[in-house]
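> Got a predicted structure here, sequence first:
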Amino acid sequence: MNIIISNFSDEPIYLQIVNQLKEQIVKGELTESQSLPSIRKLAKELNISVITTKRAYDELEKEGFIVTVAGKGSYVASINKELFRETKLKIIEEKLTEAIHTAKLVGLTLEELQEMLNIIYEGW
Amino acid sequence: MMNKILEITNLRKNYKNFSLKGINITLERGYIMGFIGPNGSGKSTTIKLIMNLIKKDSGEIKIFGLDNEQNDISIKERIGFVYDENHFYEELTVKEMKDVIRPFYSKWDEGVFNQYAKNFELPLKKEIKHLSKGMKMKFSLAIALSHHAELLIMDEPTSGLDPLIRSELLDVLQSLLQDENKSIFFSSHITSDLDKVADYITLIDNGEIILSQTKDELLEEYCIVKGRKSQLDTHHGVNFIGLKQNDFGFEALSKNKKEVLNQLGDSVLIEKPTLEDIMLFFTKRGDHNVPSH
């Protein structure tokens, strides 16, 4: 498990933890039923407040990425990776539709739009 | 609620030139609260009242659910207390001083003390007067932590200490909080110590509590707004705190980042505040909360 916190990011610290753990779970770097450090241990290691780590775990639990068993700790949940991918694909479709809509408003061609997508994609 | 380790209700204390104006503070078990405010704002008075070192005029202070005046001794057995200025006998050695304090605590744990003495590299045979300021603080801390205290109260523990010792101290505090039944109440005007580890922040100014909430909410809700002076005349409806103007622009704190984004959007610069920024904008003397037109 890897977590790198930026103190200068606009993203709140709890969200940085949520996003990094989600990514590692989806990629399979963290596997099902693997146990996670306690919120207090994590707070100490990262030098952040307990409330922040608690909020991160609460959020991950709400979204189904981890489960917390009272008195036993938190574990990586069994997530349906296919379902996760489906939801993400749907979001991408929606956003692309929006982009196409805007492109048509200013008369951008498909080629021009593809060119733009290429440049942005390569830039990431 | 059983979980409240410290509960202050409507606490008042009047002096000739200063008064504590009915303050309320609540701290749950398992968390660190940073108690911040400028010098003379009432931090030390509040801590002296919590420790029952001075008498309140009215209000209530409950520690571990017990009234702090009626249960003075039993409460103090369960509190670790670290002052800015230590109150030790300067002529004694570290070990001698420890042996003077030890009998006051029924739950004194010599093994814990020795462990801290070793970790902090306390010079046991050295006289207190020859200790550096940092070492005195570490000794105070070792004493405060050697009787299994549930609540650690610290009055300006980091003032005058170098960054390395301050960071060591924060490490010790976080280790202590591995036990979810313990809490720490920490007053400081050096807010950078609290930026990282504090769970809750309580800001006091001029004897009044200005805010008391989780640090995360605080840093997410508030923002610093900077812009052109002409923007102050428009009907934006945003309430500014501690507005500062110079010849070329203005800056202020806002309690509602979303509102600023909605009302002013890209026309101003919006920045993430630090605790120090929040304290400074709130406690700036002179033209306080300037309402919108």
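Great, that's in hand. Since the model is a prediction, treat every value here as computed from it, not as a measurement. Numbering: from 1, shown residues only, chains lettered A, B, ... in the order given.

> Which helix or strand contains the nearest residue to B:Tyr200 once chain neighbours are set aside?
Nearest non-adjacent residue to B:Tyr200, counting by C-beta to C-beta, 6 or more residues apart in numbering or on different chains: B:Met33, 4.3 Å away. Quick note: C-beta positions are derived from backbone N, CA and C, even for glycine. Applying DSSP states H and E as the criterion places B:Met33 in strand B:32-36.

> for the record, mean pLDDT for that strand?
For strand B:32-36, the mean pLDDT works out to 96.

> CA-only coordinates of whatever helix or strand comes next after that strand, as PDB, when you get a sec.
Using DSSP H and E, the helix or strand that follows strand B:32-36 in sequence is helix B:43-50. The C-alpha coordinates for helix B:43-50 follow below in PDB (Å, rounded to 0.1, in the frame of the first residue of the first chain):
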ATOM      1  CA  LYS B  43      -5.900  30.600  26.400                       C
ATOM      2  CA  SER B  44      -3.900  30.500  29.600                       C
ATOM      3  CA  THR B  45      -6.800  31.700  31.700                       C
ATOM      4  CA  THR B  46      -9.000  28.900  30.200                       C
ATOM      5  CA  ILE B  47      -6.300  26.300  30.900                       C
ATOM      6  CA  LYS B  48      -5.800  27.500  34.500                       C
ATOM      7  CA  LEU B  49      -9.600  27.200  35.000                       C
ATOM      8  CA  ILE B  50      -9.600  23.700  33.600                       C
END
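
> Which strands and helices lie in contact with helix B:43-50?
strand B:4-14, strand B:19-28, strand B:32-36, strand B:58-63, strand B:151-155, strand B:183-188 (3 or more C-beta pairs under 8 Å, 6 or more residues apart in numbering or on different chains; DSSP states H and E).

> before we move on, back to that, may I have the beta-bridge partners of the residue nearest to B:Tyr200?
Beta bridges link B:Met33 to B:Phe185, B:Tyr200 when assigned by DSSP bridges.

> is it true that it touches B:Phe185?
Yes - in this structure, B:Met33 is within contact of B:Phe185 by C-beta atoms under 8 Å, at 5.3 Å.

> Enumerate every residue touching whichever residue of the stretch 1-150 of chain B sits closest to chain A.
Nearest residue of the stretch 1-150 of chain B to chain A, counting by C-beta to the nearest C-beta: B:Tyr31, 6.2 Å away. With contact taken as C-beta atoms under 8 Å, 6 or more residues apart in numbering or on different chains, B:Tyr31 is in contact with A:Ser49, A:Val50, A:Ile51, B:Leu177, B:Ser183, B:Ile184, B:Asp199, B:Tyr200.

> Phi and psi next, for it.
phi -130, psi 160 (degrees, to the nearest 10).

> now, among the contacts of B:Tyr31, which is nearest to B:Asn262?
A:Ile51 (27.3 Å; C-beta to C-beta).

> The helix or strand hosting that closest one: what's the following helix or strand?
Assigned by DSSP H and E, A:Ile51 belongs to helix A:50-62. Of the helices and strands lying after helix A:50-62 in sequence (DSSP H and E), the nearest is strand A:66-69.

> Out of the helices and strands packed on helix B:43-50, which is closest to A:Leu30?
strand B:32-36 (28.5 Å).

> got the angle between the closest one and helix A:50-62?
With axes from the mean of the first three to the mean of the last three C-alpha atoms, to 10 degrees defining the directions, strand B:32-36 sits at 130 degrees from helix A:50-62.

> name the helices or strands packed onto strand B:32-36?
Under the contact definition 3+ C-beta pairs under 8 Å, 6+ apart, strand B:32-36 sits against strand B:19-28, helix B:43-50, strand B:183-188, helix B:192-197, strand B:200-205, helix B:275-283.
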